[in-house]
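Colleague: My questions concern the predicted model and sequence given below.
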Amino acid sequence: MAFKMAGQTIGDDNSCFIVAELSSNHAKNLEIAINTIKAIKESGADAVKLQTYTPESMTLKSEKDFFRIRQGTIWDGKTLYDLYEEAYTPWEWHSKLKTAAEELGLVCFSAPFDKAAVDFLEDLNFPAYKVASFEITDIPLIRYIASKGKPIILSTGIANLSEIEEAVNVCRSQGNLHIALLKCTSAYPAPFDEINLKTIPDLLNTFNAVIGLSDHTMGYSVAIASIALGAKIVEKHFILDRSLKTPDASFSMEPHEFRAMVSSIKEAEKAMGKVSYDLTESTMKSREFARSLFVVQDIQCGDVFTEENIRSIRPGFGLHPRYLDSVLGRKSHGALSAGTPLQWEMIDK
């Protein structure tokens, strides 16, 4: 399964598509946002992802308990409105951020949170859409996004299996087959024992879509492990400096951390290779250190080979150890000194 996004093929045997999530890490400063995109490029990402919403499109400005965060998150105590007002990306920045990213060779796409945001991004010709974990149950929104015919990447964070199936089916009902599902644990930061990476191959078998990871753990070991399980997209939050006071700073990666993750992903992909029992050139060379049959005591012509005068030892220049039983009890064809690799021509027939 694969699809194209802004000229890049994602899925199948192609390299993992690495996405840096800008989120609120611009700290409401356009210069920081532009500099973050430059750092994202220098860190080896393939794409930068934005979020397109306003506080009003996300929730109500209310002080009622329903709207106050108290789920044991880093945002506890704030109202939803206050959080989104602090975190949203000004819409008038989107064109500038997209241009800045594309001039650097990055793909720039966004997560819209309502139909108006989709229409806005369509006008700016964004090449793909993300559906955030908390929106995967908003089937009318997903249907509208899918109707645009562009790649759609769904984070599965809060969804159970039937809800993921419902979201995928509504995309396909719109004729949109360019679907990616990201295994995601909607906790910030996410604890390692709640990641369940083994879900990745199961998502692939169940939905026949491009599968990836949206990761909120600290560090990048989970991202590297996901590669071995078939992840073709990895998304991590990115920030210039965690000292910036943004809602997502505490679980975002700084440039040197992101760069190290990208490098490790590339190494993991090379190491994955293919199913093969052929020996590489370097392995063939190493076979010289394997065991083989050697003369270990001086032997005269006509002496019988015994377990005392021949042994299986390193290196591997003599007969294969499998021939030891065939050689024992036979006579030497000539005088042999200790340290001689045993060969068939040294043995009487």
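Modeller: Noted; the coordinates are in hand. Residues are numbered from 1 along each chain as shown.
Colleague: which residues are in contact with stretch 328-342?
Modeller: Stretch 328-342 is contacted from outside by 292-307, 310, 317-319, 327, 345-348, using CB atoms under 8 Å, 6 or more residues apart in numbering. Any C-beta I mention is one placed from the backbone N, CA and C, and that applies to glycine too.
Colleague: give me that answer again for 6 Å
Modeller: 293-305, 310, 317-319, 346-348 (CB atoms under 6 Å, 6 or more residues apart in numbering).
Colleague: Of those, keep whichever come out buried.
Modeller: Restricting the contacts of stretch 328-342 to buried positions leaves 293-296, 299, 305, 310, 318-319, 346-347, with burial counted as 16 or more other CB atoms under 10 Å.
Colleague: which pair in those spans the largest distance?
Modeller: V296 and I347 (15.5 Å; CB to CB).
Colleague: Could you confirm L181 falls within a strand?
Modeller: Yes: counting by DSSP: H, G, I helix; E, B strand; the rest coil, L181 is part of a strand.
Colleague: surely it meets P201?
Modeller: No: L181 is beyond contact range of P201, at 12.0 Å (criterion: CB atoms under 6 Å).
Colleague: Neighbour count for those two, which is higher?
Modeller: Legend: neighbour count by other CB atoms under 10 Å for L181 and P201, higher for L181 (28 against 13).
Colleague: what residues are up against the more buried one?
Modeller: Taking CB under 6 Å, 6+ apart as the criterion, L181 is in contact with 154, 156, 203, 209, 211.
Colleague: what about it, distance to F113?
Modeller: Using CB to CB, to the nearest Å, L181 is found at 19 Å from F113.
Colleague: now the strands: where do they sit in the stretch 101-250 of the chain?
Modeller: Assigned by DSSP state E, counting those that start in this stretch, the strands in the stretch 101-250 of the chain fall at 107-112, 129-131, 152-155, 179-184, 210-215, 233-237.
Colleague: follow-up on the earlier one: now, which of the contacts of L181 sits nearest Y144?
Modeller: Using CB to CB, the contacts of L181 come closest to Y144 at L154, 13.8 Å.
Colleague: Who does L293 form a beta bridge with?
Modeller: S312 (DSSP bridges).
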